[in-house]
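*Asks:* Following is a predicted model, sequence given first.
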Amino acid sequence: MSKYVQEMSIDGDEPHARYIIKDILNPSPPSVSIPVIDLSLLSSLSSKGAEELDKLKEALSSWGCFQATGHGIPSSFLDKIREVTKQFFALPTMEKQKYARAVNDIEGYGNDPVLSDKQVHDWSDRLFLNLIPQDSRKLQLWPTNPSEFREVLNEYSEKMKQIVELLLKATARSLDLEEDCFLKQYEGHEHMAARFNYYPKCPRPDSVLGVKAHSDGSAITILLQDKDVEGLQIFKDDQWFRVPIIPHAFVVNAGDQMQIMSNGIFKSPMHRVSTSSQRDRISVAVFHLPNAEVEIEPVKGLIDEERPQQYRKLKNYAAINFECFQSGKVALETVKI
């Protein structure tokens, strides 16, 4: 496309045919309260801590996601993350283009790479940045405008790493496994990236999605939703549901690599993002996963006669997932035994 989606929205352009999805199943589904987990209780040895671990296991086994409260990050800091995101996307196009992604790279400002002529485009612009390991950061793509952006993102990445480590240990304990069994699969080689999403107003919310239906290629995804505008939808029991906003909670979901490591016990949910004809929307997603060179497989303690090994041993799953996502395939189906 010759324009960014934000420019198309400002100019009042009708979405190009490549953005149109002919059969969006229920673009305005009912709202549902997904499970809420208090992260501050997950490390507790009390009965409340045990109850919260059971709730975590149930949430990830049934929904594959939950709203995370008790994370210890001040509300004012989360509002700052949202504010610098809005400030960046409010910059003139020429200023944002200083951080544009290269043609064959995913990192930077713009849209996702186009892998085929049949690919359905998403009604969104984004800024994708590597966070961990630090030597993977392409700082030339980290905005210096707004002036606080780099400092805020660096601090945010440290907080996200702490939350992910807590969650990986808690998910293992909820399955009666050694708490570092998932971390061991990372072999000390972890990868974390942030995706700042901007979903402009769209004149065709009935047939255009901010992000088409997909599951994440991560192990864990932590999403900070827009404070005011809904958009995230989850697929469960053969229907779509809108995920309500809890302003200072995170939406946490298991990614495909967690489904693989848990031998299919935890579910990586299909989800999508709707568009609005009335309001713009932002969100910030952080993806945490093993390094591309690390092989992952189902944990041995979760394999038995009743539940044989579901997925093969593999590496660089994120690349498999991304290619399948853009071509409309289900990545997990391609790696099943």
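*Replies:* Yes, it's here.

*Asks:* The closest residue to residue 241 other than its chain neighbours: neighbouring residues, count only.
*Replies:* Once flanking residues are discounted, residue 241 sits nearest to residue 32: 4.0 Å by CB to CB, 6 or more residues apart in numbering. For glycine as for every other residue, the C-beta is placed from the backbone atoms N, C-alpha and C. By the criterion of other CB atoms under 10 Å, residue 32 has 15 neighbours.

*Asks:* what's the answer for the one 3 residues further on, then?
*Replies:* Close neighbours of residue 35, defined as other CB under 10 Å, add up to 15.

*Asks:* now swap in residue 271 and tell me
*Replies:* The burial count for residue 271: 24, using other CB under 10 Å.

*Asks:* what sits against it?
*Replies:* 65, 213, 214, 215, 232, 233, 234, 235, 253 (CB atoms under 8 Å, 6 or more residues apart in numbering).

*Asks:* Would you check which pair of those residues lies furthest apart?
*Replies:* Spatial extent of these (CB to CB) is set by the pair 65 and 213 at 14.5 Å.

*Asks:* that older thread, highest neighbour count among the contacts of residue 271?
*Replies:* Counting neighbours by other CB under 10 Å, the top entry in the contacts of residue 271 is residue 253, with 29 neighbours.

*Asks:* Which of the helices or strands spans that one?
*Replies:* strand 250-254 (DSSP states H and E).

*Asks:* And the strands in the stretch 201-337 of the chain, which stretches?
*Replies:* Ranges of strands in the stretch 201-337 of the chain, per DSSP state E, counting those that start in this stretch, are 211-214, 220-224, 232-236, 239-242, 250-254, 271-273, 281-290.

*Asks:* Pick the most buried one from those strands.
*Replies:* Per-stretch averages of neighbours, counted by mean count of other CB atoms under 10 Å, single out strand 250-254 among those, with a mean of 26.

*Asks:* Could you tell me the angle between that strand and strand 232-236?
*Replies:* Here the directions of strand 250-254 and strand 232-236 differ by 40 degrees (axes from the mean of the first three to the mean of the last three CA atoms, to 10 degrees).

*Asks:* how about the helices in the stretch 51-200 of the chain?
*Replies:* 75-89, 93-96, 149-174, 181-186 (DSSP state H, counting those that start in this stretch).

*Asks:* To residue 23, which of these lies closest?
*Replies:* helix 75-89 (30.1 Å).

*Asks:* And the closest one, what's buried?
*Replies:* 78, 80, 81, 82, 84, 85, 88, 89 (16 or more other CB atoms under 10 Å).

*Asks:* will you turn those residues into TSV that also has distance to residue 117 and pLDDT?
*Replies:* Shown next, in TSV, are the buried residues of helix 75-89 (distance: CB to CB, whole Å; pLDDT from 0 to 100):
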residue	distance to residue 117	pLDDT
78	40	98
80	41	98
81	36	98
82	36	98
84	36	98
85	32	98
88	31	98
89	28	98
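
*Asks:* with those residues in mind, which one is nearest to residue 17?
*Replies:* residue 89 (25.3 Å).
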